[in-house]
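Student: This is the structure alone, sequence omitted:
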C-alpha cells in the first residue's frame, strides 16, 4: 500500500520522530540544508575521531578506502560534493531524507543507485546510542562501502528485487538479508583476518569491537537461505553475525538464488533462533 507524504509526515510527527517530514518531496527526499552549528560540527568530529580508531583496525579495507576517497572525517559532509565523487567511483549518489522513509521509496532509490541519508545529526548526549538512524549512522556507516563495486551492484540489485519479494509475502525475509549484510555484515577473505563492513557495526563504538574481536560473538558462514530465515535483534548486540568469504559471494548468491522459492517454502514460519544457527 502506497502512503502519501502528508500521511507519512503526520504518522512520524505522532511517533515523535525528529526529522521534518513536512518538507518532503514526492520521493521523500529533502534538501540537505547545510546550516549545521559549530556544536554539530564538533559532535561529527568527535564521532568520527573515536570511531576511526576502531575502523582502522577492524573494518574491511574497501570501507577504509571509501572513507579516504570520499573525505568524510573533517566536517559534516556536503551531500552534493560526496555524490560527485561517488558517481565517479560506482555510479551512486546521496539523497537527503528527514529520517526513515517508507519501504517503497527506499527500494526505488536503491534500484536507481541513490542512497538515502538522514540530514540531521545526533546530539552530544547521544554519542553512544540513538533510537533513530541519523546522519552518522547513514553516512559514516553506509556510504564508504558503496565505493566497493561488487557491493554497490548488490545494493542496486536488492532495491530492484525487494518489492517483488514483499509482494510474495517475504517482507521479513528480505529485511533479514539487508540486516545481516548491509547493517551487520562481516567478511573473511581467504588468508585474511575477519573484518566488518556493515553500517550498524561501523557506526557502533561497542558492537564493532564485540562482533569482530569477542570470543562470545557467534560467527556463522554466510548462506542465503539461512540468513533470510534468521531473526535478529534491534536494540541489543546481534546473537549471530554472518561471515562472507567475499563480496562476490553475496552478489552472486542474491543474483542466482531462488528467492521466490525460499519465500514460498518458509513464509509464515517462525524465524530461526540466531543463537542456534
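Tutor: It's in. All figures in this text were calculated on a predicted structure; none of them were measured in a lab.
Student: Quick one: neighbours of residue 243, just the number.
Tutor: As a burial measure, residue 243 scores 16 neighbours (other CB atoms under 10 Å). (C-beta placed from N, C-alpha, C; glycine too.)
Student: er, residue 273 actually
Tutor: Neighbours around residue 273, by other CB under 10 Å: 11.
Student: so it sits right up against residue 232, yeah?
Tutor: No: the pair residue 273 / residue 232 is not scored as a contact, 10.9 Å apart, by CB atoms under 8 Å.
Student: May I ask which helix or strand of the chain has the lowest mean pLDDT?
Tutor: helix 5-15 (a mean of 87; mean pLDDT, DSSP states H and E).
Student: Against which helices or strands is the strand or helix carrying residue 40 packed?
Tutor: Assigning secondary structure by DSSP states H and E places residue 40 in helix 38-58. With contacts taken as 3 or more CB pairs under 8 Å, 6 or more residues apart in numbering; DSSP states H and E, helix 38-58 sits against helix 61-70, helix 205-213.
Student: So residue 272 sits against residue 229, correct?
Tutor: Yes: Residue 272 is in contact with residue 229 according to CB under 8 Å; the separation is 4.9 Å.
Student: List phi and psi for residue 117.
Tutor: phi -130, psi 130 (degrees, to the nearest 10).
Student: What mean pLDDT does stretch 253-268 get?
Tutor: Mean per-residue pLDDT for stretch 253-268: 96.
Student: Could you tell me which residues within it count as buried?
Tutor: Buried residues in stretch 253-268, counted by 16 or more other CB atoms under 10 Å: 253, 254, 259, 262, 263, 266.
Student: Same question for stretch 37-46.
Tutor: Buried residues in stretch 37-46 (16+ other CB under 10 Å): 40, 43, 44.
Student: swap in stretch 166-186?
Tutor: Under 16+ other CB under 10 Å, the buried positions of stretch 166-186 are 166, 168, 170-186.
Student: so what pLDDT did the closest residue to residue 134 other than its chain neighbours get?
Tutor: Leaving aside its chain neighbours, residue 134 sits nearest to residue 122 (4.7 Å; criterion: CB to CB, 6 or more residues apart in numbering). At residue 122, the predicted lDDT confidence score is 96.
Student: need the contact list for residue 122.
Tutor: When contacts are counted by CB atoms under 8 Å, 6 or more residues apart in numbering, residue 122 touches 43, 47, 130, 134, 136.
Student: Thanks a lot, catch you later.
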